[in-house]
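Colleague: please find the sequence and the predicted model below.
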Amino acid sequence: MNPLVSVVIPFYNRVDWLCEAVESVLNQTYDNFEIIVVNDGSPENVDDFLSQYGDKIIYKYKENGGAATARNLALKYATGEYIAFLDSDDLWLPEKTQNQITFMEDCSAKWSHTGYYNWYPSEHKLIKMNNRRHFGDVYLQSFLSLKAPTPAIVIKKECFDKHPDFYFPEDLKYGQDSALWSKIAYHYPLALLNKPLVKIRQRGSNADLSSIIRFNVKSFILKKIKEGIYTDIPFYIKSIFKAYELGNRFLSFLHNKLGLKKNSIEIIGKILWITPYIVERIYVLILFIGKDKKYYR
């Protein structure tokens with residue numbers, strides 16, 4: 001019998017998309033799931049959703065606190081041998097779970113991800129993203145550039161059982177998933193099934209499009225590094241983060257002291273982003289040299 005997979009789905013809005021997400025799990029070629037949907041205080045009426053899927057899922061409601069709090073709550077109820085994550089606006093392709101679990105068991109991986117598409121449903125367009133260098137020892141890489149979207153991630157539950165500090169940081173509005181991946185990567189190599197099996201819905205409001213948000217997230221991670229949350233970070237990575245922190249302070253000055261509008265600050269932010277971004281990419285290429293292909297297929 002296939003091992004039980006707990007699927008964690010946080011939800012806040014667009015119940016129609018939630019239906020599609022749950023349906024993509026139910027349509028998997030894999031046959032052993034528990035689907036945990038956490039309603040993070042959504043104002044939408046979910047009666048029809050519960051009428052259709054209530055007997056197929058574990059449903060929890062909580063007051064609004066953000067996706068990190070919803071995922072952390074779901075983890076408390078998860079009983080599967082593997083834990084998979086799916087955002088309520090994204091989709092899995094039917095063979096995703098079967099292929100990924102088989103791959104993980106073949107290479108004895110504790111956590112893994114797959115290739116993925118950026119999905120533009122209004123344009124009926126899928127763009128295959130390149131994440132072929134994102135496997136193996138990705139601890140240092142995770143602070144710079146780790147293309148491992150949450151809906152592509154599967155983690156063995158024993159990792160959470162052994163490490164109480166493996167949870168999504170609730171004091172970070174954006175990038176909570178990346179912050180957790182760094183913690184996991186310190187202990188376990190990441191396996192990559194380089195086949196696009198996930199569709200990541202793209203919208204104009206996607207958080208990763210904002211340089212202001214990126215600077216905020218990088219500054220938060222530097223703060224955590226200084227607090228000792230993350231260890232064994234080399235000087236050059238700290239220097240890159242320091243450049244982001246200085247950029248973040250400058251953007252805050254432009255906004256708070258000079259009153260520049262958000263659009264203008266965003267343009268300046270994208271210019272400031274260029275130099276540390278280029279240094280990041282060069283360093284990621286260096287880290288890729290000599291990686292163990294055991295965790296790649």
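Modeller: All right, it came through fine.
Colleague: any idea of the mean pLDDT in whichever strand in the chain runs longest?
Modeller: Secondary structure of the chain per DSSP state E: the longest strand is strand 190-201. Mean pLDDT, computed over strand 190-201, is 96.
Colleague: just stretch 80-89 next, same as before
Modeller: 96.
Colleague: neighbouring contacts of it?
Modeller: With CB atoms under 8 Å, 6 or more residues apart in numbering as the test, stretch 80-89 has contacts from 3-12, 14, 17-18, 21, 24-25, 33-34, 37, 67, 71, 75, 92, 97, 101, 104, 150-151, 153-157, 160, 177, 201, 203. Every C-beta, even on glycine, is put in place using the N, C-alpha and C of the backbone.
Colleague: which of those are buried?
Modeller: Buried members of the contacts of stretch 80-89, counted by 16 or more other CB atoms under 10 Å: 5-12, 17-18, 21, 24-25, 33-34, 37, 67, 71, 75, 92, 97, 101, 104, 150-151, 153-157, 160, 177, 201.
Colleague: quick one, helices of this protein?
Modeller: Assigned by DSSP state H, the helices in the chain fall at 15-26, 47-53, 67-77, 96-107, 139-142, 157-162, 176-187, 211-226, 235-256, 262-288.
Colleague: most packed of those?
Modeller: Comparing the helices of the chain by mean neighbour count (mean count of other CB atoms under 10 Å), helix 139-142 comes out on top with a mean of 23.
Colleague: CA atoms only for it, dumped as PDB, please.
Modeller: The C-alpha trace of helix 139-142 is given here as PDB (Å, rounded to 0.1, in the frame of the first residue of the first chain):
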ATOM      1  CA  TYR A 139      21.700  25.300   2.500                       C
ATOM      2  CA  LEU A 140      23.800  28.300   1.400                       C
ATOM      3  CA  GLN A 141      22.000  28.400  -1.900                       C
ATOM      4  CA  SER A 142      18.700  28.800  -0.100                       C
END
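Colleague: so what secondary structure elements neighbour that helix?
Modeller: Helices and strands touching helix 139-142, by 3 or more CB pairs under 8 Å, 6 or more residues apart in numbering; DSSP states H and E, are helix 176-187, helix 262-288.
Colleague: now do it: everything it contacts.
Modeller: 134, 178, 181-182, 185-186, 232-234, 237, 284, 287-288.
Colleague: do stretch 162-171 as well
Modeller: 65-69, 71-72, 75, 159-160, 176-177, 179-180, 183-184, 187, 224.
Colleague: pull the distance from it to the chain's centre.
Modeller: Its chain's average C-alpha position is 14 Å from that of stretch 162-171, according to CA atoms, centre = their mean, to the nearest Å.
Colleague: list the buried residues for it?
Modeller: 167, 168, 169.
Colleague: got these as TSV, with pLDDT and distance to residue 295 columns?
Modeller: Output for the buried residues of stretch 162-171, formatted as TSV (pLDDT from 0 to 100; distance: CB to CB, whole Å):
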residue	pLDDT	distance to residue 295
167	92	24
168	92	23
169	88	26
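Colleague: give me the domain ranges for this protein.
Modeller: The chain breaks down by automatic domain parsing into domains covering 5-206, 209-295.
Colleague: isn't residue 18 right up against residue 52?
Modeller: No - look at residue 18 against residue 52 with CB atoms under 8 Å: they stay out of range, at 10.7 Å.
Colleague: residue contacts, the residue most central in space within the chain?
Modeller: In the chain, the C-alpha nearest the mean C-alpha coordinate belongs to residue 150, at 3.1 Å (CA atoms, centre = their mean). With contact set as CB under 8 Å, 6+ apart, residue 150 has these partners: 85, 86, 87, 177.
Colleague: with just CA atoms, put stretch 109-128 into CSV.
Modeller: Taking Å, rounded to 0.1, in the frame of the first residue of the first chain, the C-alpha atoms of stretch 109-128 are listed here in CSV:
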residue,chain,number,x,y,z
ALA,A,109,15.3,11.6,0.2
LYS,A,110,13.9,13.3,3.3
TRP,A,111,12.5,16.1,1.2
SER,A,112,12.1,16.9,-2.5
HIS,A,113,10.6,19.1,-5.1
THR,A,114,9.7,18.9,-8.7
GLY,A,115,9.8,21.0,-11.8
TYR,A,116,7.0,23.4,-12.3
TYR,A,117,5.1,25.7,-14.7
ASN,A,118,4.3,29.4,-14.2
TRP,A,119,0.7,29.3,-15.3
TYR,A,120,-1.2,32.2,-16.9
PRO,A,121,-4.8,30.9,-17.1
SER,A,122,-6.3,34.0,-18.6
GLU,A,123,-3.9,33.6,-21.5
HIS,A,124,-4.0,29.8,-21.6
LYS,A,125,-0.2,29.8,-21.2
LEU,A,126,2.2,27.6,-19.4
ILE,A,127,5.9,28.5,-19.1
LYS,A,128,8.3,25.8,-17.9
